[in-house]
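Visitor: Got a predicted model here, sequence first, then my questions.
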Amino acid sequence: MKNEKIEISKKENKPPKRLGEILLERGLISEEQLKIALEIQKATGKLLGEVLVELGFIERGAISSLLSSDLGIKYISSIKDIRSDSQAISLVPQDFARRYKLVPLSIEGDVLTVLMANPFDVVAVDELKQLTEKDVNTIMAPEDEIEKAIDIWYSETESFEELVERAITNAVDEVNIEESPVVKLVDIVIINAIKKRATDIHIGCEKNAVIVRYRIDGILHVWNILPKVLANAMISRIKVMSNLDISETRIPQDGRIQYIFAGRNIDLRVSTYPTYYGENIVMRILDKTKLISKIDFLGYSEHQLKVYRELLKMNNGIVLVTGPTGSGKTTSLYAALLEINSTRINIMTVEDPIEYELPFVKQSQINPRAGFSFAFALRAILRQDPDVIMVGEIRDEETLDVALHAALTGHLVLSTLHTNSSIAAISRLIFMGTSPYILASGLKGVVAQRLVRVICPNCKERYEPSNEEKELLKNLIGTLPHSFTLYKGRGCEKCMGTGYLGRTALSEVFKIDEDIFSAIVKQKDETHIRELLKKQGFVSLFEDGLSKVLKGITTIEEVLRVA
């Protein structure tokens, strides 16, 4: 990214186009994003590519790919499906690899192939030749992928069994925790969870063992069963990392760990809880560097997406996303903010915690110990001339009152609420103490969602539904298509034998029209409101789930489990 000019064609007698122009032509950035980046480049003196990446407007790999294609250099954008040669890894020390942003890939005869962020660094290549006594073949790769490869490939050099044996020996001998193999053992527990896309790590003490489980796609999976002798050492190490009191084992504690892996900034929220056989630890994994999905990719149907976008275009009122913990509410809110984000409007948030970082959005995190609650923060935000306010969650009457006040005084408020359905949000808010008329005036729409596992694309196969499944679908849907095929995952290495890989949303969306407004003011029950919503083309969570079954996205069992 050091070269800000790229020659498009040597045959045509045209001046070289600049990087920004090419990215704009290819639709990789918008005109407004380019304008902002150029202003910052002018003020800071940084390269345009670096500024665009730092602002989150484009991935580093997209720029590297553009450069490498112009220069005729072999390029890979991701290490996802690449495996390194352990012999090649052993030739190059990790500190050397990090210093020069390179990682060994393979050895063929006297030639060592390496991935490099900058294959034109002749000093690095010469030193590598001297170090390994090999000729060097370079392949260009994004810097963040190089860092990822170093973290992953170098962490796999020692067998897990050998590490556990050394950790047991040190635990029995009561060696200093900070100097023992348990440090690397805990690192591997965390690294493996990140690599397997886990959202939570559970470390539980049983009578004779320590069980490590990962929550992947909403389901807990046992990853490993370790000897009980490692329990105290592992728990103490995690407490040290999260600044908790090692000596306190009688009461729950909460902490956090800032963990960097594969170039990613991972925030681990740590919770300890005393149980009969020892402390239980749960670590929530929050990847702040993870790219946020656009609302187009959340799994909403075309009709639901249309209604959601209409709600986001409103300049005042409250839009709620509802569902239980872990249903993707916050992700949907972030996707909504990404949809409307612009330098022309002032977007402010109050969250618990900040899960993703958004450019030009003023984000803050509550601190109950300091008295910085949702309600307190909302009152302060209203003095900051906001256009859009995102509140992490409406938990109490005070927060609801301030949010409604903001909605009724010309602000668009986005927030979440814990309810089982979108319609149930109305009765829940009235139960919290607000008046039906004020609620009907301030509330503009509600989105409810659940997350279901998606059939693994690597082992997906069609099958003829059984008579029982046909009967079940007929009872649920009413009229079945003349012919249809169901799909399931056979189970493979990529999905860990589950048949599922990733998740998508089941959702229901509605907006407040005159009929719904009147029904809220008159405090009509949910059945009455549901009948009115059918005129809007309202689709329930369950109906949305069944349509995804017939499309081969998920399974009947998964929809029944979730919805």
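Guide: Nice, thanks for sending it over.
Visitor: what about residue 265, which SS state?
Guide: Under DSSP: H, G, I helix; E, B strand; the rest coil, residue 265 falls in the strand class.
Visitor: Would you agree residue 168 falls within a helix?
Guide: Yes: assessed with three-state DSSP, residue 168 lies in a helix.
Visitor: Tell me, how many residues neighbour it?
Guide: For residue 168, the count of nearby residues is 18 (other C-beta atoms under 10 Å). Every C-beta, even on glycine, is put in place using the N, C-alpha and C of the backbone.
Visitor: and it, what does it touch?
Guide: 227, 229, 230 (C-beta atoms under 8 Å, 6 or more residues apart in numbering).
Visitor: try 10 Å
Guide: 181, 182, 185, 226, 227, 229, 230, 233 (C-beta atoms under 10 Å, 6 or more residues apart in numbering).
Visitor: Going along the chain, name the strands of the stretch 251-400 of the chain.
Guide: For the stretch 251-400 of the chain, applying DSSP state E, counting those that start in this stretch gives strands covering 253-261, 264-275, 278-287, 317-322, 347-351, 361-365, 388-391.
Visitor: Quick one: closest of these to residue 295.
Guide: Ranking those by distance to residue 295, with C-beta to C-beta as the measure, places strand 317-322 first at 11.1 Å.
Visitor: Compute the first-to-last residue distance for stretch 104-121.
Guide: 15 Å (C-alpha to C-alpha, to the nearest Å).
Visitor: avg pLDDT for that stretch?
Guide: Computed over stretch 104-121, the mean pLDDT rounds to 87.
Visitor: Give the buried residues for that stretch.
Guide: Within stretch 104-121, the residues that qualify as buried by neighbour count (16 or more other C-beta atoms under 10 Å) are 104, 105, 106, 112, 113, 114, 115, 116, 117, 118, 119, 121.
Visitor: gap between that stretch and the chain center?
Guide: Taking C-alpha atoms, centre = their mean, to the nearest Å, one finds stretch 104-121 lying 32 Å from the centre of the chain it belongs to.
Visitor: what does stretch 96-113 give?
Guide: 31 Å.
Visitor: Tell me the predicted confidence for residue 160.
Guide: Reported pLDDT for residue 160: 73.
Visitor: Pull out the buried positions in stretch 314-321.
Guide: 317, 318, 319, 320, 321.
Visitor: Pull the distance from that stretch to the chain's centre.
Guide: That offset, for stretch 314-321, works out to 24 Å (C-alpha atoms, centre = their mean).
Visitor: What distance do you get for residue 392 to residue 320?
Guide: Note on residue 392: its distance to residue 320, by C-beta to C-beta, to the nearest Å, is 12 Å.
Visitor: Apologies, that question was intended for residue 213.
Guide: With C-beta to C-beta as the criterion, residue 213 and residue 320 are 32 Å apart.
Visitor: what do you get for residue 194?
Guide: Taking C-beta to C-beta, one finds residue 194 at 32 Å from residue 320.
Visitor: In helices, which of the buried residues of stretch 104-121 appear?
Guide: If you go by DSSP state H, the buried residues of stretch 104-121 have nothing in helices.
Visitor: Closest to residue 452 out of those?
Guide: Of all these, residue 452 sits closest to residue 115, with 36.8 Å by C-beta to C-beta.
Visitor: which residues sit in contact with the closest one?
Guide: 75-76, 79, 82, 84, 97, 101-105, 138-142, 145-146, 149-150.
Visitor: now with 8 Å?
Guide: 76, 79, 102, 103, 105, 138, 139, 140, 141, 145, 146, 149.
Visitor: any idea how far the fifth one lies from residue 146?
Guide: It refers to residue 105. Separation of residue 105 from residue 146 (C-beta to C-beta) stands at 11 Å.
Visitor: Ok, the second one next?
Guide: When C-beta to C-beta is applied, the distance between residue 79 and residue 146 equals 8 Å.
Visitor: higher neighbour count, the two?
Guide: Per other C-beta under 10 Å, whichever of residue 79 and residue 146 has more neighbours is residue 146, with 25 against 20.
Visitor: Isn't the more buried one up against residue 103?
Guide: Yes: Residue 146 lies in contact with residue 103 (C-beta atoms under 8 Å); the separation is 5.6 Å.
Visitor: Which residue, other than its chain neighbours, is closest to residue 91?
Guide: Nearest residue to residue 91, sequence neighbours excluded (C-beta to C-beta, 6 or more residues apart in numbering): residue 132, at 4.8 Å.
Visitor: And residue 198, what's its pLDDT?
Guide: 93.
Visitor: Excluding residues flanking it in the chain, which one is nearest it?
Guide: Going by C-beta to C-beta, 6+ apart, residue 198 has residue 214 as its nearest residue, at 3.8 Å.
Visitor: Direction included, what does the host helix or strand of the one you found pair against?
Guide: Element membership for residue 214, per DSSP states H and E: strand 209-216. Paired with strand 209-216 in the same sheet, following DSSP bridges, are strand 200-205 (antiparallel), strand 219-227 (antiparallel).
Visitor: ok, back up a step: which of the contacts of residue 115 fall in strands?
Guide: 102, 103, 105, 138, 139, 140 (DSSP state E).
Visitor: Quick check, the fifth one in contact with residue 117.
Guide: No: between residue 139 and residue 117 there is no contact, the gap being 10.8 Å when judged by C-beta under 8 Å.
Visitor: Next, show the common contact partners of those two.
Guide: Counting by C-beta under 8 Å, 6+ apart, nothing touches both residue 139 and residue 117.
Visitor: No more questions from me, cheers.
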